[in-house]
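Novice: need a structure here:
(one chain, ligands or ions: 1)
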Amino acid sequence: MSEETARLQRDALLATAREAARGAYAPYSKFHVGAALLLEDGTVVTGANVENASYGLSLCAETVAIAKILSTGKTPKLEAVAVTGGLAGAPGAGDTVTPCGRCRQVLNELAQLGGTDPVVWSDGAEGPLEMRLSEMLPHAFGPAHLGITGRG
Ligand code: THU
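Specialist: A predicted model of the protein is given here:
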């Protein structure tokens with residue numbers, strides 16, 4: 001893939017994540033997060049954060065997207081992840097939002113099952129940040145540690 005194609009793919013996935021953030025239910029933090037996950041077959045699955053009056057029960061955007069994918073009964077290859085977030089009214093315009101620690105672990109579950117190391121793009125005021133999941137979560141603990149290599 002040419003650099004230009006990769007840049008277009010990144011920008012398109014970030015735009016989809018921004019759109020997904022519009023669906024956030026975040027009345028407590030007012031911090032709207034959107035995630036867009038690109039699968040090997042070109043499918044894009046989105047998620048937005050879903051908060052709860054019992055704050056600790058809130059779901060992150062990335063976790064919602066992973067739950068959507070894994071609850072289809074499949075374990076597709078996860079190629080890329082785009083994340084965007086910001087205070088309501090200004091999503092994508094704030095600081096660079098990278099997946100939280102728990103989300104890195106949740107993303108790792110599908111990445112390892114599908115045998116990929118997805119690129120993670122984060123929106124931010126200074127332009128997109130690009131990292132591999134393995135850079136964000138080095139020496140990851142995953143399904144293989146428990147003998148799980150597929151859905152079983
Ligand atoms: N949040 C996400 O959705 N993903 C992350 O990776 C970081 C945090 C959400 C959780 C909560 O609803 C809001 O952002 C503020 O923490």
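Novice: Make sure Glu130 is indeed in a helix.
Specialist: No: remark: Glu130 does not belong to a helix; assigned using DSSP: H, G, I helix; E, B strand; the rest coil, it is strand.
Novice: That one against Gln9, yeah?
Specialist: No: with contacts counted by C-beta atoms under 8 Å, Glu130 stays clear of Gln9, the gap being 11.5 Å. All C-beta spots, glycine's among them, are computed from the backbone N, C-alpha and C.
Novice: Neighbour count for these two, which is higher?
Specialist: Using other C-beta atoms under 10 Å, the more surrounded residue of Glu130 and Gln9 is Gln9, with 17 against 13.
Novice: any idea how far that one lies from Asn49?
Specialist: Counting by C-beta to C-beta, to the nearest Å, the gap from Gln9 to Asn49 is 24 Å.
Novice: Over to Cys100?
Specialist: Taking C-beta to C-beta, one finds Cys100 at 10 Å from Asn49.
Novice: any residues in contact with both of these two?
Specialist: Cys60 (C-beta atoms under 8 Å, 6 or more residues apart in numbering).
Novice: and the two? which has more neighbours close in?
Specialist: Remark: of Cys100 and Asn49, Asn49 carries more neighbours, 24 against 15, as counted by other C-beta under 10 Å.
Novice: ok, the residue minimising distance to the centre of the chain - contacts?
Specialist: Against the mean C-alpha coordinate of the chain, by C-alpha atoms, centre = their mean, the closest residue is Glu62 at 4.0 Å. If you count contacts by C-beta under 8 Å, 6+ apart, Glu62 has them with 35, 37, 47, 81, 83, 99, 103, 106-107.
Novice: Shouldn't it be within a strand?
Specialist: No: Glu62 sits outside any strand when classified using three-state DSSP, being helix.
Novice: show me the contacts for Arg102.
Specialist: With contacts defined as C-beta under 8 Å, 6+ apart, Arg102 is in contact with 60, 63.
Novice: Could you confirm it falls within a strand?
Specialist: No: Arg102 sits outside any strand when classified using three-state DSSP, being helix.
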